[in-house]
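# Curious how this folds, go ahead:
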Amino acid sequence: MVNRLADATSPYLLQHAENPVDWWPWEAEAFAEAERRGCRCC
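Numbers count the residues shown, from 1 in each chain. Coordinates of the predicted model:
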């Protein structure tokens, strides 16, 4: 199972691409999803 980090270019992020966690890269799509979910942390 891979997560959204599988397409990252950062070696640090790539080492976490197979973690069983729904990680999101720090990008506009992640902020839009956070806003959709009502997150107030960003």
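# In this structure, mark out all the strands, start to finish.
Assigned strands in the chain: none (criterion: DSSP state E).
# What segments of it are helices?
11-14, 28-36 (DSSP state H).
# in the shortest one, what counts as buried?
Neighbour-count burial for helix 11-14, with 16 or more other Cβ atoms under 10 Å as criterion, is recorded at residue 13. Backbone N, C-alpha and C define where each C-beta goes, glycine included.
# Please export the C-alpha coordinates of it as CSV.
C-alpha atoms of helix 11-14 as CSV (Å, rounded to 0.1, in the frame of the first residue of the first chain):
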residue,chain,number,x,y,z
PRO,A,11,13.9,11.6,-0.3
TYR,A,12,12.5,12.3,3.2
LEU,A,13,8.9,12.1,2.1
LEU,A,14,9.5,9.1,-0.1
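# Quick check: closest non-adjacent residue to the most centrally placed residue in the chain.
Nearest residue to the geometric centre of the chain (Cα atoms, centre = their mean): residue 24, 0.7 Å. The shortest distance from residue 24 to any non-neighbouring residue, by Cβ to Cβ, 6 or more residues apart in numbering, is to residue 30 (3.9 Å).
# where does this protein dip in pLDDT?
Within the chain, the set of residues satisfying pLDDT under 70 comprises 42.
# Recalculate using a threshold of 50.
Residue ranges of the chain with pLDDT under 50: none are present.
# circling back: could you check how many residues crowd around the residue nearest to residue 24?
When neighbours are defined as other Cβ atoms under 10 Å, residue 30 has 15 of them.
# Also residue 4?
By other Cβ under 10 Å, the residues close to residue 4 number 15.
# Equivalent analysis for residue 6, please.
Residues near residue 6, counting by other Cβ under 10 Å, number 13.
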